[in-house]
Every structure is written in C-alpha cells, then in structure tokens.
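Undergrad: Sharing a sequence plus its predicted fold:
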Amino acid sequence: MENLFNDRKFYDLASSLVNKIEARINSYTKEIFDAHSVGKLTGELVEEFRFHKPSVKKENIYQKKPTDIKIQRSVSGRGYNSQRISLDGTQYTFVIPIEGDISLLRIFPSSYMTYLPHGTFGSDAIEVIYKVPVGEDASRIKMDFDKNVDMIETYIGFLEKDIDDFNSKLEPSIKISLEKRKNKLSDDDDIAKSFGFPIK
C-alpha cells in the first residue's frame, strides 16, 4: 500500500491548470470569438477545468473474500546476519468507493496532519489491505481500518478548502482572460488596417 495525499502539492497542480487555461485562451483566434460569446467560452472552460470534489461512500464500503497468502518476514540471526522466511497467512482487503475525482486523493493539500492515510488506488475506489500471519491477533484490523477511513475523510476536508477556493475564482479569472484576448485580437486587426495594406 502507499500513502494517499502524498504526490504533488495542490498549489503546484492549480498553477499548472492555470497555465493550461492561459495557453488555451491564447490559442483562440478571432474566428472563435466571432462564432462564440465570451460567456459561452467561459462556461465551457470552467466545466473543463473545475475540480470535482471526491467523497467517501461510507455506506458502500465492502470487503473481498479473505485469501490465503505467503508472507515474507525478515528474521534476525547472529551478528549482522538475517534471513527471510515465508509464513502462511491471510489477506483481508477492504474496498472504499470514492465518488468524484479519485485522482485528487493523490494531491497534498495546504492543510495536513502528521500522519497520512494509506491505500491502493483503483479506478473508483481505494483498497486497504491487511496481511496477517496464521496465529497472529487480527483484532486490531477493524480499529486501524476505521481510523484510516476517518483520516481519508479528514484529508478530503482539507482538500475541499483548496478546491472551493480554486473553483470560486475560476469563472471570473477565465472571463477576464477571454475578454483580454478578444480585445487584443480586435486591437491587432485595427492597427493592421491602419497601415493601409490589404490583409491576406
């Protein structure tokens, strides 16, 4: 398993999206503005680039059937020697369905705690796996899993603050950039026409 919310920072992700939006707008031609209103273009870009907040579907959490596995353990020997042994064990897999953009669970939010939740990414769910050797106490699993789910929800809450801030500024900033681009193209044409030569 891997730590969640442990990839790139939200600020870096947001900055890269802003750059993509600016590049898209700067690629728009006068023909595009003649065919579509600034309002329509704004709406399309907002829908494309806004973040869709993830959420845990707690009521749909389930577990897979336990499976037999071999667990590799290191055993210390004399001196600096150690060896690996194989133990019989059982794998317990819990599945946490995620609604919204699950890829955002890789993003490190502006607020955070000392510890990170863990899991393995699926297409629309997080899997949390426990491997227990035969004979070992498995009673800790439920407590650890519940704590992990609570921590995932806490981090999603941190992330929501970043997302809400970004999404709230998206429409006005896109509209301003579009109007700026439209005015530039219009000014360019007016200046070119003032030279008195045909534009081909």
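TA: That came through fine. It should be emphasised that the depicted structure is a prediction, and the values quoted were computed from it without experimental measurement.
Undergrad: which one's the longest helix in this protein?
TA: What stands out as the longest helix in the chain, according to DSSP state H, is helix 140-194.
Undergrad: now for it, which elements pack on it?
TA: helix 10-26, helix 30-35, helix 38-49, strand 55-56, strand 82-99, strand 118-121, strand 125-133 (3 or more Cβ pairs under 8 Å, 6 or more residues apart in numbering; DSSP states H and E). Where you see a C-beta, it was placed from the backbone N, CA and C, and this is true even at glycine.
Undergrad: Leaving out chain neighbours, which residue sits closest to Leu104?
TA: Pro54 (5.1 Å; Cβ to Cβ, 6 or more residues apart in numbering).
Undergrad: Now for the one you found: which residues touch it?
TA: Ile98, Glu99, Gly100, Asp101, Ile102, Leu104, Leu105, Ile156, Leu159 (Cβ atoms under 8 Å, 6 or more residues apart in numbering).
Undergrad: Now the second one. Nearest residue, chain neighbours left out?
TA: Yep, that's Glu99 we're talking about. What sits nearest to Glu99 in space, not counting adjacent residues and going by Cβ to Cβ, 6+ apart, is Ser55, at 4.9 Å.
Undergrad: With the last one instead?
TA: Among residues not flanking Leu159 along the chain, Pro109 sits closest, at 4.4 Å (Cβ to Cβ, 6+ apart).
Undergrad: Neighbours of that neighbour, how many?
TA: The number of residues packed around Pro109, counting by other Cβ atoms under 10 Å, is 19.
Undergrad: swap in the one 3 residues further on?
TA: Applying other Cβ under 10 Å, we find 14 residues neighbouring Tyr112.
Undergrad: Look up which helix or strand it falls in, please.
TA: Tyr112 is part of no helix or strand when elements are defined by DSSP states H and E.
Undergrad: Who are the contact partners of the spatially most central residue of the chain?
TA: Among the residues of the chain, the one closest to the centroid is Leu104, at 1.4 Å (Cα atoms, centre = their mean). With contacts defined as Cβ under 8 Å, 6+ apart, the neighbours of Leu104 are Phe51, Lys53, Pro54, Leu159, Ile163.
Undergrad: Who are the contact partners of Arg84?
TA: Residues near Arg84 by Cβ under 8 Å, 6+ apart: Gln72, Arg73, Ser74, Val75.
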